[in-house]
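Asker: when you get a sec, could you give me coordinates for this:
(chains A and B)
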Amino acid sequence: MQKMAKKYYIFFTLPTVIAFVISFLIPFILGIYLSFTKFTTVTNSQWVGISNYIHAFTDDRNFLNAIIFTAKFALVSVVLINVFAFTLALLLTRTIKGTNIFRTVFFMPNLIGGIVLGYIWQLIINGILINFGVDITFSGTYGFWGLVVLMNWQMVGYMMIIYIAGIQGISSELIEAAEIDGANRWQILRSITIPLVMPAVTICTFLTVTNSFKLFDQNLALTAGAPARTSSMIALDIFNTFYGSMGYEGVGQAKAVMFFLVVASIVLLQLRYSRSKETEI
Amino acid sequence: MTKKLFLLLSVLLITASFITACTTTDTAAPADTGSQAAAADTGSDTTTSGGEVYYLNFKPEVSEIYDAIAKAYKEETGVTLKVVTAASGTYEQTLKSEIAKSDAPVLFQINGPRGYANWADYCADLKDTELYQHLSDKSLAVTVGDGVYGIPYVVEGYGIIYNNAIMEKYFALDGALATSMAEINNFQTLKAVVEDMTAKKDALGIKGVFSSTSLKPGEDWRWQTHLANVPIFYEIRDNNLDIKDAEAFRETKFQYSDNFRNIFDLYINNSTVEPTLLGSKSVDDSMAEFALGQSAMVQNGNWAWGQISGVDGNVVLAEDVKFLPIYTGMPGEEKQSISVGTENFFAINSQASPEKQKLAADFIYWLYSSDTGKAFVTNDLKFIAPFDTFTEEEKPTDPLAKSLLSYMANTDLYNVAWDFVVFPSQTFKDNFGAALLQYAQGTMQWDEVKQLMIDQWKVEANK
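Answerer: Model (predicted):
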C-alpha cells in the first residue's frame, strides 16, 4: 500500500499544486512584474523600471503615514489581543460554571464579517461620541482606537480558543507536582503554564501580527481613512492608490510588493524569536 | 488489482472535480471585484445562436430593469444581453478588471473627455453607428477630431430640490422674507430665507432647512463633484476655456472659491445636524431626512426621485417636489438655471471582434429607437433621452424630471454645464471631499481647503 501511495502521490498532490500555482504563484509573480510597469489592465503593460517605487514615496506622504499608522496599530493590538485572550483562557480553564457558554460567546464575534463589524462599531462609537458633538471621522486618533477596540473584540475569542487548547494540553501531573513542592499560583503560571503554552503564543502572535497588518475591511467600513486619510492603513492606501487615479495602478502594485516584503520579514523575525522561546519536555 | 483500480478511479474523480470547480469559478465573473456587482446573466438558453452583448452597467438603481430589457431583447432579436452592474462608485475598478478578461464587456460607458483619455485604447469610433445619426445635439458627444467615441444616452440635471409644502408654510408665516419661490432667484435672498427658516424651524416642524451634508468618505460626491462644478463652470466661462482642451485643465485657479464657500456654509450651518457630525452621514441618510419631511431642501439630481419616494413613511407629495438652481452669489445669477448635462456616454470596446461591436451598436440603437426599447427608456429607466427618435410625449413623468424639463424649456435661463467631467481623478475628488469634511468639523481653515483643492488638482492632473 505504501509503495502504491508513493507511486501515485503525484496524482493526489497535483490538484493542490495546480491550484496553488494558478491562484497564488502566477498572480504573485505577475504582481511583482506589474510593479515595474505602467498599466491600466493587467494584459496591457509597459515597462517603466523602478519609477513606481519612487512615486510611492515622493508623490505624497500617504504611504509613509499609512505604514506608521499600521505599525502603531499592530503593536498596540497584538499586545492587547494576546493579553486579553490569555487572561480569558486562564479564567475559562478554571472550573467555573458555564465555561462553555462563555467560550461560545467570546468566540462569536469572530464569525461576523469585517465589513459588518465595521459598520456596527461605527454606530456604537458614533453613538457615544455624539454626546461630545463629534463623530469618529473627527480625528485620526479616534479612528485608531476605534480600530483597536474593533480588532480586539473580533480576535480575542479566536486567540482565546487557541490558548485554551494550549493550557488544556499541560499535564495535570506537572501542576500537582509543583503544588506539592509548595509553588503558589503565580509561580505555577510563570514557570509552568507560560513556558508550556509558548507554541500557542507563537501561533497567536503570528496570526495577530499578520491580521493587524493586512486589516482592510474593518478599516474601510469603520472610517475609510477619514479624516483626510489619517486613519488609513497600508492595505487601504494601496487600494486607494490603485483605483484612485488612472495610470497609478503600477504605483499601487509597487506599494503592495513593499507591503509584502515588510510583513514577510516582520513575521519571519517574530516566528524565529518566539520559536526560540518554546520549551520541550 | 481492485486496489489499483480504486486508486485510479479516485485520482480521476479528484481531477474531474477539480476541473469543473475551475470552470465554474471562471464563469462566476464579477464576484472578485469586491463589490456587490450583480451578474444578471439573462437568457436561459445560451446555445441558440444570435450572439451575445456584454454590457457593463454604471447605474445600480436600474440594474433590475436591465433584466427585463434583456428578456425583451432576447425575444425580439434572439441576441443575448448580458448585463453586469458595478456597485455604486466602483465602475472604474470593475471595468479595469472586467476588460482584461477574455470575455470583456463590449458595451461600457465613459464619463466624458477625461474618461475617454483613460480608455482611449478601448473606445471604438462610433461615427457611423445609427444611434449617433439620431443624436439631437451632436455637440454632446465625446469627439476627438473626426472620431466619435462616446454617445450620451441620458440627460440629467441637479439643483436644490425643495419641498414646496414646507416652503408654502413658511411663506404663510408672519414676517416671512419672501412670498413665493419665484422671489428666490439669487444667493442673497436664498440665504436670508434659509436663515430665517432656521430661526423658525420649530414653527415649520423641521429639524433643519437642508438635509445633512453627507461628507462620509465615498458619499461626498454631491459636494466635491456636483457643487464644485458651479464655481468651476464660472471659471471656465469667464476665462473662455474649452473643456475639450486637456491642456487647459492642468491647473485651476479656483477663483470663485468664495462662492463655493457661501453655499457650502449655508448648507452646513442650516442643516438637520451639527457640522461636526457630517462625517458619518450618507446620501441615503440625507434623502431620507428630506423624504420624512425633516428638511425642506436637499441638493441632488432628478435620479433621486426613486430614492425619495422609496423611503418608508415618506411624507413628501409628488406635486411638491421641485428644483431650485444652486445660487452661489455670482453676479447675474438671477438668470442661472439648474445644472443639466450628462456624464454617461456609451462606448464600444474597440478590442472586441467586429461582429460583437456590431451587435452592441445594434442593441443600443434598438433600445433608443424601437417601440419596446423606447418604452423601457421612458417608463422604466426614466431617462430623458437626447435622441430625435423620441417624441415630445415620450418623456418620463416623475416630478423631478418634469421640473427639469421645464427648466430646460425656459430659454431665458442659462444652463450650468456639467464641467466636472474635467476634474482630474477620483483621488482629487476624495481629497477635496476630505478637506471639506475637516472644514465642516472646524479643523481646517477655508484658505487651506482652497489651497489643497488647487494643489491636488495640479498634482492629479499632471500624473
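Asker: name the element B:Ala228 belongs to?
Answerer: Taking DSSP states H and E as the definition, B:Ala228 sits inside helix B:228-238.
Asker: whichever helix or strand comes after that helix near chain A at all?
Answerer: Elements were assigned by DSSP H and E; along the chain past helix B:228-238, the next helix or strand is helix B:257-269. No: where contact is defined by Cβ under 8 Å from any Cβ of the partner chain, no part of helix B:257-269 touches chain A; the two come within 13.9 Å at best. Glycine gets a C-beta too; all of them are placed from N, C-alpha and C.
Asker: pull out the buried residues from whichever helix or strand comes after helix B:257-269.
Answerer: Secondary structure here is assigned by DSSP H and E; on that basis, the next helix or strand after helix B:257-269 toward the C-terminus is helix B:283-291. Neighbour-count burial for helix B:283-291, counted by 16 or more other Cβ atoms under 10 Å in any protein chain shown, picks out B:283, B:285-291.
Asker: reformat those as CSV; add pLDDT.
Answerer: Rendered in CSV, the data for these read as follows (pLDDT from 0 to 100):
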residue, pLDDT
B:Val283, 87
B:Asp285, 88
B:Ser286, 89
B:Met287, 90
B:Ala288, 89
B:Glu289, 90
B:Phe290, 90
B:Ala291, 90
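Asker: thinking again about what came up before, and for the helix holding B:Ala228, what's in contact with it?
Answerer: Among residues not part of helix B:228-238, those counted as contacts by Cβ atoms under 8 Å, 6 or more residues apart in numbering or on different chains are B:241, B:243, B:252-257, B:259-260, B:263, B:326, B:328, B:330, B:339, B:416-420, B:422-423, B:432, B:453.
Asker: picking that back up, nearest to chain A, of the buried residues of helix B:283-291?
Answerer: Using Cβ to the nearest Cβ, B:Asp285 is the member of those that lies nearest chain A, at 11.9 Å.
Asker: check contacts around the closest one.
Answerer: Taking Cβ under 8 Å, 6+ apart as the definition of contact, the neighbours of B:Asp285 are B:211-212, B:214.
Asker: could you dump those residues into JSON lines with pLDDT added?
Answerer: Shown next, in JSON lines, are those (pLDDT from 0 to 100):
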{"residue": "B:Ser211", "pLDDT": "90"}
{"residue": "B:Ser212", "pLDDT": "89"}
{"residue": "B:Ser214", "pLDDT": "87"}
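Asker: tell me which residue of the stretch 251-400 of chain B lies closest to chain A.
Answerer: Per Cβ to the nearest Cβ, the residue of the stretch 251-400 of chain B with the smallest distance to chain A is B:Gly279, at 2.8 Å.
Asker: give me the nearest residue to that residue, chain neighbours excluded.
Answerer: Once flanking residues are discounted, B:Gly279 sits nearest to A:Thr137: 2.8 Å by Cβ to Cβ, 6 or more residues apart in numbering or on different chains.
Asker: next one: B:Tyr162
Answerer: Once flanking residues are discounted, B:Tyr162 sits nearest to B:Met297: 4.7 Å by Cβ to Cβ, 6+ apart.
Asker: next, count neighbours for B:Glu76.
Answerer: By other Cβ atoms under 10 Å in any protein chain shown, the residues close to B:Glu76 number 12.
Asker: burial count for the residue nearest to B:Tyr162?
Answerer: B:Met297 is flanked by 26 other residues according to other Cβ under 10 Å.
Asker: how about the secondary structure of it?
Answerer: Local secondary structure at B:Met297 is given as strand here, using DSSP: H, G, I helix; E, B strand; the rest coil.
Asker: ok, it - contacts?
Answerer: Neighbour list for B:Met297: B:160-163, B:194, B:209-211, B:290, B:324 [criterion: Cβ under 8 Å, 6+ apart].
Asker: what about those, which are in helices?
Answerer: Judged by DSSP state H, helices contain the following of these: B:194, B:290.
Asker: now render the contacts of B:Met297 as TSV, adding distance to A:Val21.
Answerer: Rendered in TSV, the data for the contacts of B:Met297 read as follows (distance: Cβ to Cβ, whole Å):
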residue	distance to A:Val21
B:Ile160	57
B:Ile161	55
B:Tyr162	61
B:Asn163	61
B:Val194	63
B:Val209	61
B:Phe210	56
B:Ser211	53
B:Phe290	54
B:Leu324	61
